[in-house]
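Colleague: With the input below, show me the fold.
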Amino acid sequence: MKVRRLFISPGHNFFGHHDQPAGNHPTIEAAEIECVAGRGIKGDRFFDFKENYKGQATFFSQEVFEALCAELKISGKSPGDSRRNIVIEGADLNALVGQEFEIQGIKFRGTAECSPCHWMDAAFAPGAEHFLQRRGGLRAQILSDGKLRVEK
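Modeller: As a prediction, this is how the structure comes out:
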């Protein structure tokens, strides 16, 4: 499993915005992010969100992003538009639900699938929510401290 891209956002655009317009907090791409066990990713909207939160870090698959773009004929979008933190290549994220795993010396526990919602159609294109069913990413808890870096 390789880290291809990393993202944080200081605020919520979709989370908690039911029946309201989306927020306008930027998604910031980073070369590295700091993971803090039990707390989240420094600088991200879910850092210290609540104790034992199951989405301290979120993962998205580069391969799924590429398939989404091909299927819906999307161009000019970033996997960061998914609002996931860590874009990886070479892993079945759904297989990590309920599992402990390690990336670059940092331990995580997969807690749940990131189920896509109707906002994905606005973030990417109509049909994205449907396409991303069962492949929307992974929510995880951070079990050890460390810095993740983009791998070339």
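Colleague: what about Gly43, distance to Ala125?
Modeller: 28 Å (CB to CB, to the nearest Å). (Each C-beta comes from the backbone N, C-alpha and C, glycine too.)
Colleague: Compare the two and say which is more crowded by neighbours.
Modeller: Using other CB atoms under 10 Å as the criterion, Gly43 and Ala125 rank with Ala125 on top: 16 against 13.
Colleague: can you count the residues close to Leu68?
Modeller: 23.
Colleague: Identify the residues contacting it.
Modeller: With contacts defined as CB atoms under 8 Å, 6 or more residues apart in numbering, Leu68 is in contact with Ile74, Phe124, Ala128, Phe131, Leu132.
Colleague: so which pair among those is furthest apart in space?
Modeller: Ile74 and Leu132 (12.2 Å; CB to CB).
Colleague: Name the residue in these two with the higher neighbour count.
Modeller: Remark: of Ile74 and Leu132, Leu132 carries more neighbours, 23 against 15, as counted by other CB under 10 Å.
Colleague: Give the closest residue to the more buried one in space, chain neighbours not counted.
Modeller: Pro116 (3.8 Å; CB to CB, 6 or more residues apart in numbering).
Colleague: go on, Pro26?
Modeller: Going by CB to CB, 6+ apart, Pro26 has Ser9 as its nearest residue, at 6.6 Å.
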